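K.L.:
I would like to see how this sequence folds:
(one chain, ligands or ions: 1)
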Amino acid sequence: MKDHDRIPLQDYTEFPPAEMAARSAQFYAEIRRRHSIRSFSDRPVSREVIENCLRAAGTAPNGANHQPWFFSVIGSPDMKKRLREHAEAEERNFYAGKGGAEWLDALAPLGTDDRKPYLETAPWIIAVFAQRRGGVRAGIDRQNYYVTESVGIATGFLIAALHHAGLGTLTHTPKPMNFLNELCGRPDSERPFLLLVTGYPSAEATIPVHATIKKPLDEIAAFI
Ligand code: IYR
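P.N.:
As a prediction, the model looks like this:
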């Protein structure tokens, strides 16, 4: 079989309309229980779970199927400590004013600050990288397309997969993030996209009321 050949769609599953409606409602009920949390337990989470969630992320639709993403999974205490040190150094500047008044004001309801203890507490921190060049197989060096869109979709799949498995998540974006290339040993052709913190929520985990305000359907969509 050649790459240009075609095969039948074999794994599509159709559901009767009532079941489809029920499934769509069930998925909404499940995903609306996902909240970004900032207090994680140090309870271990098996590598197998993270691997399956990464496999799910790797199925995301993307530009020319070059799959322009790379996930560096940080689990060792030493690496997590170094990551936290770098991230907190950047965040100190950000919260001291570099972020600008308008941005800092927008974050005020979340109650975030420059302390990121969860970068050491959570069992796994996934650094997501976006590859400017690549190809359908490892070792190919061609232009990648729709890189940000592709990596964003894959990250969405990853977050949904981790939530579905029963884990808490936090997207974290220390700014700037260039230190991640060296820390994770990734080439300059890759752009750090975000950090995904995952593990069990701690017993004290809270969510800001601000984060519970979800725009109603008629404000986020129109049937035209
Ligand atoms: N990166 C900082 C600031 C931050 C920015 C946004 I936009 C958020 O939604 C939340 C935080 C931090 O992680 O604290």
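
K.L.:
Could you use CA atoms for every contact and neighbour count after this?
P.N.:
Fine.

K.L.:
Can you give me the buried ones in stretch 201-213?
P.N.:
201-202 (16 or more other C-alpha atoms under 10 Å).

K.L.:
Regarding the protein, what is its longest helix?
P.N.:
helix 147-165 (DSSP state H).

K.L.:
Just list what that one packs against, helices and strands only.
P.N.:
If you count contacts as 3 or more C-alpha pairs under 8 Å, 6 or more residues apart in numbering; DSSP states H and E, helix 147-165 packs onto helix 17-31, helix 47-57, strand 124-131, strand 168-172.

K.L.:
Quick one: closest of those to Gly100.
P.N.:
For Gly100, the closest of the helices and strands packed on helix 147-165 is strand 168-172, at 18.3 Å, according to C-alpha to C-alpha.

K.L.:
Only the C-alpha atoms, please, for the closest one, written as PDB.
P.N.:
Coordinates of each C-alpha in strand 168-172 appear next as PDB, following Å, rounded to 0.1, in the frame of the first residue of the first chain:
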ATOM      1  CA  GLY A 168      -7.300  17.600  36.600                       C
ATOM      2  CA  THR A 169      -5.500  20.000  34.200                       C
ATOM      3  CA  LEU A 170      -4.100  23.500  34.000                       C
ATOM      4  CA  THR A 171      -2.800  25.200  30.900                       C
ATOM      5  CA  HIS A 172       0.100  27.300  32.000                       C
END
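
K.L.:
so what's the residue nearest the centre of the chain scoring on pLDDT?
P.N.:
In the chain, the residue lying closest to the centroid (C-alpha atoms, centre = their mean) is Thr155, at 4.1 Å. Confidence at Thr155, expressed as pLDDT, is 98.

K.L.:
Also Pro176?
P.N.:
pLDDT, Pro176: 89.

K.L.:
for it, what are its contacts?
P.N.:
Glu90 (C-alpha atoms under 8 Å, 6 or more residues apart in numbering).

K.L.:
And it, its phi and psi?
P.N.:
Main-chain dihedrals, Pro176, degrees, to the nearest 10: phi -80, psi 170.

K.L.:
re earlier: what's in contact with the longest helix of the chain?
P.N.:
When contacts are defined by C-alpha under 8 Å, 6+ apart, helix 147-165 is touched by residues 30-31, 34, 49-50, 53-54, 56-63, 67-69, 128-132, 168-169, 193, 198.

K.L.:
Tell me what angle that helix forms with strand 168-172.
P.N.:
Counting by axes from the mean of the first three to the mean of the last three C-alpha atoms, to 10 degrees, helix 147-165 lies at 160 degrees to strand 168-172.

K.L.:
Distance check, the residue nearest to the centre of the chain against Ala161.
P.N.:
10 Å (C-alpha to C-alpha, to the nearest Å).

K.L.:
Show me which residues of this structure are close to the ligand?
P.N.:
Within the chain, the positions near the ligand by C-alpha under 6 Å from any ligand atom are 112-113, 172-174.

K.L.:
What about those, which one has the most neighbours?
P.N.:
Pro174 (22 neighbours; other C-alpha atoms under 10 Å).

K.L.:
isn't it right up against Glu90?
P.N.:
Yes: judged on C-alpha atoms under 8 Å, Pro174 makes contact with Glu90 at a distance of 6.4 Å.

K.L.:
re earlier: tell me the angle of the longest helix of the chain relative to helix 17-31?
P.N.:
Helix 147-165 runs at 90 degrees relative to helix 17-31, counting by the same axes, to 10 degrees.

K.L.:
host element of Tyr12?
P.N.:
Under the criterion DSSP states H and E, no helix or strand holds Tyr12.

K.L.:
helices and strands around the particular helix or strand that has Glu90 in it, which ones?
P.N.:
Following DSSP H and E, one finds Glu90 within helix 77-93. Using 3+ C-alpha pairs under 8 Å, 6+ apart, the elements in contact with helix 77-93 are helix 118-121, helix 179-184.
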